[in-house]
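Participant: My questions are about this predicted structure, shown below with the sequence.
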Amino acid sequence: MRCAGPPNHFSPRRRAMPSRKRKPLVYIHRLEWNPYEYYMNEENEKLLQSFAEVRNDGNVREPMTHEALVERLRGVEAILSLNGSRAPEITREVLEEVGTVRVAAVSHWWGDLSAKAAEAWRQAGVEVIDASDACNQAVGEWALGAIIAGLRRFDEFDRRMKSGEKWPSWRGVAGQLNGATVGLVAVGRTGRWLLRYLKPFDCRVIAYDPYMKKKEAKELGIELVDLPTLLRTADAISLHAPVTPETTGMIGRKELAMIRDGALLVNSARAALLDNDAFRDEMKKGRFRAYIDVFQPEPPPEDDVLRTLNNIVMTPHVAGTTDAMYHRCGQMAIQAIRDYLERA
């Protein structure tokens, strides 16, 4: 018979294993129109999971009740709002009943829907981070490309060479951005990105923005002017104003007549800034050229005169729409949540 020996009172005790810190819980609310996969590629999935547990309703299609949302949000510390299409379902009352949500990051601002949700979330004591600058960057980049392409007249040379002209002359045709005057109508978030992209070029930037102070304009390296001066002076005019009662139709028949011959008008903001009929009448004269990404209505009718004119380049509301833009939207919002949670 084998006997056990005496207990070894001098053997070291086992050290207790340190408990792992629980990852914070992040909730992704349901979306519509632009699907979850637009924003969350494999890289973004890994980034989010590197610091958080995820409760994901991004692909849920049916509306969610108050009770269902309270249940899904229990224990959640952060909301990842990939776009605001269904963000208002998460009401102030839902968040107050849950009581654990500290922060929400919006990756793609969705107009009034995101604004409505953000207001309710702030009222519930949630810090709302607008992390949607990827879209502004993309639109600013499109505007820069339109200005360069429009001043250099890429489309005109392309059309002439494809129509049988063997070697078009460059004389008296193309301009260039270096040495030009660029006029910005409003210097909001997108306008500021365009301004940043213009920095490497030796161009003069003037702006009409009644809400900007002269001191800020000086710091940004731009000259504030009134709208008539901008329209009469600029080689390229880029619109960046939001649509408000004040700005709707702000570029009307009188203002369009002020644009000098040979200039370039770029609109990546909203069609409502232009008087629709006056704009079409002016473009038929061929005095100046335009690069337009937004229309009223969208899409423009098949018989819209704009589709027939060689002095306008049209793109189908894609200034802010690329695969990279959506992925960057998701990435920037995820990083914003991570940074907030690390600071907290």
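Facilitator: Sure thing, it's come through. Numbers count the residues shown, from 1 in each chain.
Participant: switch to C-alpha atoms for all contacts and neighbour counts from now on
Facilitator: OK.
Participant: Let me see the backbone angles for the residue lying closest to residue 191 once chain neighbours are set aside.
Facilitator: In space, and not counting its chain neighbours, residue 191 is closest to residue 240: 5.9 Å by Cα to Cα, 6 or more residues apart in numbering. Here is the backbone geometry of residue 240 (degrees, to the nearest 10): phi -140, psi 20.
Participant: I figured residue 240 hits residue 185, correct?
Facilitator: Yes: using Cα atoms under 8 Å as the test, residue 240 is close enough to residue 185 to be in contact (5.7 Å).
Participant: if we can go back for a sec, for the residue nearest to residue 191, give its distance to residue 157.
Facilitator: 28 Å (Cα to Cα, to the nearest Å).
Participant: The spatially most central residue of the chain: what secondary structure?
Facilitator: Nearest to the geometric centre of the chain sits residue 135, at 2.1 Å (Cα atoms, centre = their mean). At residue 135 the chain is in helix, as set by DSSP: H, G, I helix; E, B strand; the rest coil.
Participant: In a helix, residue 114, correct?
Facilitator: Yes: counting by three-state DSSP, residue 114 is located in a helix.
Participant: got a list of what it touches?
Facilitator: By Cα atoms under 8 Å, 6 or more residues apart in numbering, the contact set of residue 114 is 83, 84, 85, 87, 88, 106.
Participant: before we move on, back to that, so the residue nearest to the centre of the chain sits against residue 320, correct?
Facilitator: Yes: with contact defined as Cα under 8 Å, residue 135 and residue 320 form a contacting pair (5.3 Å).
Participant: what's near enough to touch residue 284?
Facilitator: Contacts of residue 284 (Cα under 8 Å, 6+ apart): residue 309.
Participant: Please spell out which residues along the helix or strand harbouring it are buried.
Facilitator: Element membership for residue 284, per DSSP states H and E: helix 276-285. For helix 276-285, a neighbour-count test (16 or more other Cα atoms under 10 Å) marks 276, 278, 279, 280, 283, 284 as buried.
Participant: helix or strand right after it?
Facilitator: Per DSSP H and E, the first helix or strand lying C-terminal to helix 276-285 is strand 289-292.
Participant: residue boundaries of the strands in the stretch 201-344 of the chain?
Facilitator: 204-208, 223-224, 236-239, 264-267, 289-292, 312-314 (DSSP state E, counting those that start in this stretch).
Participant: ok, the one helix or strand residue 183 maps to: who's next to it in the sheet?
Facilitator: Using DSSP H and E, residue 183 maps to strand 181-185. Strand 181-185 sits in its sheet next to strand 204-208 (parallel), strand 236-239 (parallel), going by DSSP bridges.
Participant: coming back round to it: out of the strands of the stretch 201-344 of the chain, the one nearest residue 161 is which?
Facilitator: strand 312-314 (17.1 Å; Cα to Cα).
Participant: picking that back up, between the buried residues of helix 276-285, which is closest to residue 336?
Facilitator: residue 276 (39.8 Å).
Participant: Tell me how far residue 334 lies from residue 176.
Facilitator: For residue 334 relative to residue 176 (Cα to Cα), the value is 39 Å.
Participant: Show me which of the two is the more surrounded one.
Facilitator: Each of residue 334 and residue 176 has its neighbours counted (other Cα atoms under 10 Å); residue 334 has more, 28 against 15.
Participant: In contact with the more buried one, which residues?
Facilitator: By Cα under 8 Å, 6+ apart, the neighbours of residue 334 are 44, 47, 48, 80, 105.
Participant: Of those, keep whichever come out buried.
Facilitator: Buried among these (16+ other Cα under 10 Å): 44, 48, 80, 105.
Participant: The closest residue to the last one other than its chain neighbours: what secondary structure?
Facilitator: For residue 105, ignoring the flanking residues on the chain, the nearest one in space by Cα to Cα, 6+ apart is residue 129 at 4.7 Å. With three-state DSSP as the basis, residue 129 sits in strand.
Participant: and residue 129, how many neighbours does it have?
Facilitator: 18.
Participant: same thing with residue 93?
Facilitator: By other Cα under 10 Å, 15 other residues sit near residue 93.
Participant: where does it land on pLDDT?
Facilitator: pLDDT for residue 93: 98.
Participant: And residue 135, how far from residue 101?
Facilitator: The value you get for residue 135 to residue 101, if Cα to Cα is used, is 26 Å.
Participant: what does residue 145 give?
Facilitator: Distance, residue 145 to residue 101, using Cα to Cα: 41 Å.
Participant: Show me which of these two is the more surrounded one.
Facilitator: residue 101 (23 against 14).
Participant: secondary structure class for that one?
Facilitator: Three-state call for residue 101 (three-state DSSP): coil.
Participant: now do the one 4 residues further on
Facilitator: Per three-state DSSP, the local secondary structure of residue 105 is strand.
Participant: So the residue nearest to residue 105 versus residue 98, what's the distance?
Facilitator: Note on residue 129: its distance to residue 98, by Cα to Cα, is 20 Å.
Participant: now do residue 205
Facilitator: Distance, residue 205 to residue 98, by Cα to Cα: 50 Å.
Participant: I'd say residue 105 and residue 336 touch.
Facilitator: Yes: the criterion here is Cα under 8 Å, and residue 105 meets it with residue 336 at 6.7 Å.
Participant: Pull up the overlap in contacts between those two.
Facilitator: In terms of Cα under 8 Å, 6+ apart, residue 105 and residue 336 are both contacted by the residues 129, 131.
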